[in-house]
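Peer 1: generate a structure from the sequence data that follows.
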Amino acid sequence: MRKSIFICSLATTLAFYSCGNRQTDTDEIRLEEKAEKISPDEMDQTGLSVSSQDPDELAAINSAKNQVNKYFEALNNGDDLKAYEEMATSSDRGTRSSFSEKNANIESVELSFTEDGEVSMQGDNTDIKLPIRYVVKTKQGNTESYNGYATISKKGDDGDFKIQEMNVTRENQ
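Peer 2: A predicted model of the protein is given here:
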């Protein structure tokens, strides 16, 4: 492995020096590096380009994705109490015991964000609609796929993002 790295480094160094500034008999030839730059406004946390959104909206979307990731990570780890707490008290999460019962059969969960989120800011309140898809592997070994969106809300400047709603439908019934 070290030998391969050394050889690659050596080849890169030789290519750099041989393609750099060279003098010929008549003229000087210079090679210039040209790179296309992408502004931070055009990138999201995964490095994919996003439609023109201002930095505040982009930051809100990333925070909302973080919140949804925490929720599914807790479910994936079997920590239904933490998952329950990631949802807003005003959400449709139900009681603690009904939430635990509903999610007791989960062995593992894989989440993906299917599209860019939609941000709605009114005063200090922010609502974000994130299209999601997730696949649940049950303790019996079955696979269930869900598609829809999560609504994540933050009330006030000092508030935390919480999941307000999970509006999903099962794909493979």
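
Peer 1: how far away is residue 142 from residue 134?
Peer 2: 14 Å (CB to CB, to the nearest Å). All C-beta spots, glycine's among them, are computed from the backbone N, C-alpha and C.

Peer 1: the two: which has the busier surroundings?
Peer 2: residue 134 (19 against 11; other CB atoms under 10 Å).

Peer 1: enumerate every residue touching the more buried one.
Peer 2: 72, 109, 110, 111, 112, 145, 146, 168 (CB atoms under 8 Å, 6 or more residues apart in numbering).

Peer 1: give me the buried subset of those.
Peer 2: The neighbour-count test (16 or more other CB atoms under 10 Å) marks 72, 109, 111, 146 as buried among the contacts of residue 134.

Peer 1: how about the secondary structure of residue 62?
Peer 2: Following DSSP: H, G, I helix; E, B strand; the rest coil, the label given to residue 62 is helix.

Peer 1: and it, how many neighbours?
Peer 2: 15.

Peer 1: begin at 3 from now on, thanks
Peer 2: OK, 3 is where the count begins now, so the last one is residue 64.

Peer 1: mind checking how far it is from residue 125?
Peer 2: 21 Å.

Peer 1: ditto for residue 63
Peer 2: Taken as CB to CB, the span from residue 63 to residue 125 is 19 Å.

Peer 1: look at these two and report which has more neighbours.
Peer 2: residue 63 (23 against 8).

Peer 1: need the pLDDT of that one.
Peer 2: Per-residue pLDDT puts residue 63 at 92.

Peer 1: for the helix or strand harbouring residue 153, packing partners?
Peer 2: According to DSSP states H and E, residue 153 maps onto strand 145-156. Judged by 3 or more CB pairs under 8 Å, 6 or more residues apart in numbering; DSSP states H and E, the packing partners of strand 145-156 are helix 57-78, strand 127-140, strand 164-172.

Peer 1: can you list contacts of it?
Peer 2: Taking CB under 8 Å, 6+ apart as the rule, strand 145-156 contacts 62, 65-66, 69-70, 90, 116, 127-140, 162-174.
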